[in-house]
Structures are given as structure tokens and as C-alpha cells.
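K.L.:
only the shape, not the letters, is given here:
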């Protein structure tokens, strides 16, 4: 996966996900460089627009994972 040129926040989200599928809240707890949940959602949207991250709903929760 190409991560060159990504911000520290973008890289932190990708590192926190690794090979796991996490909810937004689980991801927020793992990423130390993001202190506001709204900022996390912006980073998630950026990564989705770059094609690096995908999301799905399961039991009324949104899970995120790295597109491999």
C-alpha cells in the first residue's frame, strides 16, 4: 500500500487498523494523534476517497478496514 505523502493522522489511522475491522469509536480510542472524533471522520473520508479504506455496517455499527 502506498502511504507516501499521507499526513501523520492518515498514517495513524491506517496503522491502527492494520488487518483489523474496527468501529469508528474503537479506531478513535487507538489513534493518539486525533483528539476530536470529527477530525477522525474527516480522515476516514479522505482515506475512503483515496481508495485506501472501506466501511460497512453490521448490527447498527460502522466498521472500517484497509482496502488491500
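P.N.:
Perfect, I can see it now. Here the structure is a predicted model, which is why all the values come from computation and not from measurement.
K.L.:
measure how buried residue 33 is and give me the count.
P.N.:
Per other CB atoms under 10 Å, the neighbour tally for residue 33 reads 15. In short, each C-beta sits where N, CA and C put it, glycine included.
K.L.:
let me know the pLDDT of it.
P.N.:
What the model reports as pLDDT for residue 33 is 82.
K.L.:
thinking it is in contact with residue 14, fair?
P.N.:
No. Judged on CB atoms under 8 Å, residue 33 makes no contact with residue 14 at a distance of 11.8 Å.
K.L.:
quick one: common contacting residues for those two?
P.N.:
Residues touching both residue 33 and residue 14 by CB atoms under 8 Å, 6 or more residues apart in numbering: none at all.
K.L.:
from residue 12, how far off is residue 39?
P.N.:
11 Å (CB to CB, to the nearest Å).
K.L.:
settle it for me: which of those two has more neighbours?
P.N.:
Taking other CB under 10 Å, residue 39 and residue 12 do not tie; residue 12 has more neighbours (19 against 14).
K.L.:
now that one: which helix or strand?
P.N.:
Taking DSSP states H and E as the criterion, residue 12 maps to helix 8-17.
K.L.:
which strands or helices does the helix or strand following that helix pack on?
P.N.:
Downstream of helix 8-17, the first helix or strand assigned by DSSP H and E is strand 22-23. On a contact count with 3 or more CB pairs under 8 Å, 6 or more residues apart in numbering; DSSP states H and E, strand 22-23 meets strand 61-66.
K.L.:
where does the prediction get shaky in the chain?
P.N.:
For the chain, the stretches with pLDDT under 70 are 1-3.
K.L.:
mind redoing it with 50?
P.N.:
Across the chain, nothing is flagged by pLDDT under 50.
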